[in-house]
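> make a model of this:
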Amino acid sequence: MTNTLLINKDNKIKESYYKRVNFINIKDIDNQDTKIEKETYEQFLKLQKFLQEKDIIIGIDSAYRSEQRQLELYNEFIEKYGQEYADKIVAPVGTSEHHTGLAIDLALKSNNEYLDADMVHQEQEPIYQEIHKHLKDFGFILRYPEGKESITGYPYEPWHIRYVGEFVAKIIYENNYTLEEYLQDFSGVILVNKEKDMTSFDVVNEISHLFGIKRVGHTGTLDPLAEGVLLVAIGKATKIVELLTATYKEYIAEVKLGIKTDTLDITGKTIDTKDIPNLNNLEEVINSFKKTYLQEVPIYSAVKVNGKKLYEYARNNEKVELPKKIVTIKEIELLDKTKDTFKFKTLVSKGCYIRSLINDIGNELNTYATMTSLIRTKQGKVSIEETNALSDIKNNKFKLYKIDEVLELESINVSDELAQKIRTGQKINNEFNIQDKVIFKDKNNFILGIYESKNGFLTVWKNFV
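Numbers count the residues shown, from 1 in each chain. The predicted structure is shown next:
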């Protein structure tokens with residue numbers, strides 16, 4: 001399970017959280033009753049067993065805390081150490097990670113006695129360092145690392161660990177992130193090889209849950225029947241979705257002749273049949289579609305007419321005039337044929353429906369044509385060989401591509417002076433002779449933004465800082 005719920009001084013826990021969390025009752029090191037989230041505890045026991053084999057004995061000093069207990073703790077610290085120290089160390093009520101049941105304050109056992117979590121001596125630091133190295137393998141992160149106080153709001157606490165799930169824990173560890181940095185800065189594009197019988201939204205949903213990040217979007221819908229290249233943008237990379245969607249896409253499609261379905265593909269209901277003529281001119285007809293033309297949008301699509309999606313009209317048996325869009329078939333090639341089927345490869349512009357293209361080819365052949373399979377083999381500069389199946393991604397076998405790696409735009413590193421202007425979104429002179437758009441990066445290759453040429457100047461199109 002991935003759980004990246006962010007609770008800090010700026011993000012209070014919501015009451016709705018408790019309706020979905022699965023707490024269990026356990027005993028802490030003092031044999032006192034406490035609670036903890038179930039999976040967090042199961043993973044803690046695995047971590048505990050692993051460390052025991054390294055002669056490191058750990059226990060739970062603190063797990064779940066009620067808001068009442070947090071208030072008592074806060075008041076105890078004020079009485080003992082003063083207001084200033086208490087505000088620095090103890091989270092205000094409602095903002096403690098311990099409210100979630102996902103956080104644990106570890107206690108080390110020494111000389112057959114558990115030490116309180118915050119009684120850390122210099123000689124124990126190497127033990128904590130050894131523990132920290134292995135947290136990710138059990139889904140935990142060090143929540144308040146050294147040197148990150150300005151981000152987390154708390155000083156270094158080597159004993160405070162937080163369960164986020166193995167997948168995210170490894171990313172956070174490898175990038176030296178805090179949870180705040182991960183949720184804010186982790187971004188890029190994942191190249192997915194979508195399987196059949198999944199919607200594009202299904203893929204986005206899986207990625208979002210896997211990474212624990214809400215800002216996720218795809219860059220060109222593939223029907224459940226289709227498979228192949230689907231670019232999924234995460235975090236700040238969602239800002240470039242429209243650029244990725246606008247690129248040319250390459251497909252390999254298979255076609256059944258002589259039948260017509262309501263969806264224009266084999267998954268639909270057959271509504272008519274027709275004789276299949278001699279196919280001697282098939283290649284000639286297919287080649288004739290290498291052009292720009294007005295294509296009718298299929299009724300089973302998400303295009304809206306009068307505020308309602310076309311497939312909603314279809315499902316309600318309502319009549320509607322289907323819109324037409326200008327599309328370009330840049331390349332098209334016949335790959336194979338039989339007496340009632342054929343297979344072709346094509347490179348098309350944004351907005352082109354391969355189902356409609358096939359239907360149009362059938363009309364030219366004086367018969368019906370229905371799509372039976374579709375593979376998107378390329379989108380922009382990304383080919384199917386570079387993609388990963390969802391199963392691979394779940395096993396951390398994927399590459400997160402940076403924005404400039406997937407866009408077919410010039411990328412320029414700029415001086416510190418110009419970088420500052422770009423960070424603040426200022427208009428700049430077009431000294432680079434950019435005709436359309438350009439990616440600007442600083443000296444450290446950090447992407448600052450995308451600018452576009454307008455009226456002799458370069459103006460901000462998307463800012464990434």
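
> domain ranges for the protein?
15-184, 188-246+382-394, 249-378, 409-463 (automatic domain parsing).

> restricting to C-alpha, output stretch 130-149 in PDB.
Taking C-alpha atoms only, stretch 130-149 is exported to PDB below (Å, rounded to 0.1, in the frame of the first residue of the first chain):
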ATOM      1  CA  GLU A 130      22.400   1.400  10.100                       C
ATOM      2  CA  ILE A 131      18.600   1.300  10.700                       C
ATOM      3  CA  HIS A 132      18.100   4.100   8.200                       C
ATOM      4  CA  LYS A 133      19.800   2.300   5.400                       C
ATOM      5  CA  HIS A 134      17.200  -0.500   5.500                       C
ATOM      6  CA  LEU A 135      14.000   1.400   6.200                       C
ATOM      7  CA  LYS A 136      13.100   1.700   2.500                       C
ATOM      8  CA  ASP A 137      13.100  -2.100   2.000                       C
ATOM      9  CA  PHE A 138      10.200  -2.300   4.400                       C
ATOM     10  CA  GLY A 139       8.300   0.800   3.200                       C
ATOM     11  CA  PHE A 140       9.500   3.300   5.800                       C
ATOM     12  CA  ILE A 141      11.300   6.600   5.500                       C
ATOM     13  CA  LEU A 142      13.200   8.700   8.000                       C
ATOM     14  CA  ARG A 143      10.600  11.500   8.400                       C
ATOM     15  CA  TYR A 144      12.800  14.300   9.800                       C
ATOM     16  CA  PRO A 145      16.300  13.900   8.300                       C
ATOM     17  CA  GLU A 146      19.300  16.000   9.200                       C
ATOM     18  CA  GLY A 147      19.700  19.200   7.200                       C
ATOM     19  CA  LYS A 148      16.100  19.400   6.100                       C
ATOM     20  CA  GLU A 149      14.700  21.300   9.100                       C
END
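
> list the buried residues in it.
Going by neighbour count (16 or more other CB atoms under 10 Å), the buried part of stretch 130-149 is 131-132, 135-136, 138-145, 148. Every residue, glycine included, has its C-beta placed from N, CA and C.

> if we only consider these, which is nearest to residue 29?
residue 131 (15.7 Å; CB to CB).

> about what we covered before: farthest-apart pair in the buried residues of stretch 130-149, please.
138 and 148, at 21.2 Å, using CB to CB across these.

> of the domains of the chain, flag the one that's most buried.
Across those, averaging neighbours per residue (mean count of other CB atoms under 10 Å) puts domain 188-246+382-394 on top, at a mean of 19.

> give me the mean pLDDT for that one.
Across domain 188-246+382-394, pLDDT averages out at 93.

> quick one: end-to-end distance for it.
Taking CA to CA, to the nearest Å, domain 188-246+382-394 runs 16 Å from one end to the other.

> and what of stretch 167-181?
By CA to CA, one end of stretch 167-181 lies 16 Å from the other end.

> for stretch 329-345, same thing?
11 Å.

> determine how far that stretch lies from the middle of the whole chain.
35 Å (CA atoms, centre = their mean, to the nearest Å).

> how about stretch 421-438?
Its chain's average C-alpha position is 29 Å from that of stretch 421-438, according to CA atoms, centre = their mean.

> before we move on, what about stretch 100-119?
35 Å.

> show me where the stretch 201-350 of the chain has helices.
Under the criterion DSSP state H, counting those that start in this stretch, the stretch 201-350 of the chain contains helices at 241-245, 282-287, 310-315.

> quick one: those as CSV, columns for distance to residue 3 too.
Output for the helices of the stretch 201-350 of the chain, formatted as CSV (distance: least, CB to CB, whole Å):
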stretch, distance to residue 3
helix 241-245, 26
helix 282-287, 51
helix 310-315, 35
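
> which of the ones you listed sits closest to residue 429?
Taking those one by one with CB to CB, helix 241-245 is closest: 23.6 Å.

> can you tell me what sits against the closest one?
189, 217-220, 231, 233, 350, 379-380, 406-407, 409, 437 (CB atoms under 8 Å, 6 or more residues apart in numbering).

> swap the cut-off to 10 Å and go again
If you take CB atoms under 10 Å, 6 or more residues apart in numbering as the criterion, helix 241-245 is touched by 189, 217-221, 231-233, 237, 350-351, 379-380, 382, 403, 406-409, 437, 450, 461-462.

> out of those residues, list just those in strands.
The members of the contacts of helix 241-245 that map onto strands under DSSP state E are 189, 217-218, 231-233, 379, 382, 437, 450, 461-462.

> redo the residues you listed as CSV? Include distance to residue 414.
Converted to CSV, those look like this (distance: CB to CB, whole Å):
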residue, distance to residue 414
189, 23
217, 28
218, 31
231, 27
232, 29
233, 24
379, 29
382, 27
437, 15
450, 13
461, 16
462, 16
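
> of those residues, closest to residue 57?
Residue 57 lies nearest to residue 232 out of the ones in strands among the contacts of helix 241-245, by CB to CB, at 43.1 Å.

> show me the beta-bridge partners of the closest one.
residue 190, residue 218 (DSSP bridges).

> could you check how far it is from residue 194?
Residue 232 sits 9 Å away from residue 194, going by CB to CB, to the nearest Å.

> for residue 287, same thing?
29 Å.

> off-centre distance for the lengthiest strand in the chain?
For the chain, the longest strand by residue count, based on DSSP E, is strand 324-337. In this view, strand 324-337 has its centroid 31 Å away from the chain centroid, taken as CA atoms, centre = their mean.

> list the pairing partners of it within its sheet, with orientation.
Strand 324-337 pairs in its sheet with strand 292-296 (antiparallel), strand 341-348 (antiparallel), by DSSP bridges.

> now do the contacts for residue 227.
193-198, 373-377, 384, 389 are the contacts of residue 227 under CB under 10 Å, 6+ apart.

> closest one of the residues you listed to residue 396?
residue 389 (13.0 Å).

> could you check how far that closest one is from residue 252?
Counting by CB to CB, the gap from residue 389 to residue 252 is 18 Å.

> likewise for residue 112?
For residue 112, the distance to residue 252 - CB to CB - is 68 Å.

> check residue 455 too.
Applying CB to CB to residue 455 and residue 252 gives a distance of 43 Å.

> and what of residue 357?
The gap separating residue 357 from residue 252 is 13 Å, by CB to CB.

> what touches both of those two?
In contact with both residue 357 and residue 252: 344, 346, using CB under 10 Å, 6+ apart.
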